[in-house]
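after the sequence you'll find the predicted model.
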Amino acid sequence: MAIIGHSEFPDLSGLKSTDKIAAGYKGDPATPKSVSARAAQLDKFANQAKIGDLVALPLKLQKGMVALGYISGPYAFTKINGIGRHTRPVDWVIQIPRTSFEQDLLDSLGAYNTVAPITRNGALDRLAALAQGKPDPGPPSGEEFVTGREL
């Protein structure tokens, strides 16, 4: 599973907007802007990420490695070691070294936001290739450039 922090927020089930999530904040005093930013991350994780979306997760316990997988189920507030955690089930398909990624894709993975769609430079297709064990084909050039995939 994928787990996101922010234990200062309660179970997000039924909270379907950043504002509703922010209203549930129970942590140490913080600025409204800080609470809103964290709530926006949780909203993306719990409500906006969809089953089948590709996840790239830099691994904290295996330095230099990134896990790739696909979200396989809905958000859940799960007790882990007695602590409520925000989780999503993920079918992990591969762990690869950071050196497998071209620099522009690494830069996107290292963005400030914990949860963010990565769309520039054909990222979705490139991550899908990496998830299949293929090399990063690099950013498209010229007229091939697209951001994201049309629905």
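Now that the structure is in, tell me what you want to look at.

center of this protein - which residue?
Central residue of the chain (Cα atoms, centre = their mean): V115, 3.9 Å from the mean position.

correct me, but it touches I4?
Yes: with contact defined as Cβ atoms under 8 Å, V115 reaches I4; the gap is 6.8 Å. To be clear about C-beta, it is placed using only N, CA and C from the backbone, and glycine gets the same treatment.

what is in contact with these two at once?
Residues touching both V115 and I4 (Cβ atoms under 8 Å, 6 or more residues apart in numbering): Q41, F45.

now stretch 121-132: buried residues?
Under the neighbour-count criterion of 16 or more other Cβ atoms under 10 Å, stretch 121-132 has N121, G122, A123, L124, R126, L127, L130, A131 buried.

out of the residues you listed, which is nearest to K79?
Distance to K79, by Cβ to Cβ, is smallest for A131 among the buried residues of stretch 121-132, at 29.9 Å.

low-confidence ranges, this protein, go.
For the chain, the stretches with pLDDT under 70 are 112, 142-151.

show me where it has its strands.
2-4, 54-58, 65-71, 76-80, 83-88, 90-97 (DSSP state E).

now mean neighbour count and distance to Q48 too, for the ones you listed, in TSV please.
Below are these laid out as TSV (neighbours: other Cβ atoms under 10 Å; distance: least, Cβ to Cβ, whole Å):
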stretch	mean neighbour count	distance to Q48
strand 2-4	16	13
strand 54-58	18	13
strand 65-71	19	11
strand 76-80	12	16
strand 83-88	16	11
strand 90-97	14	15
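
out of those, the one nearest Q41 is which?
Comparing the strands of the chain by Cβ to Cβ, strand 2-4 comes nearest, at 7.1 Å.

in its sheet, what does that closest one sit against?
strand 83-88 (antiparallel) (DSSP bridges).
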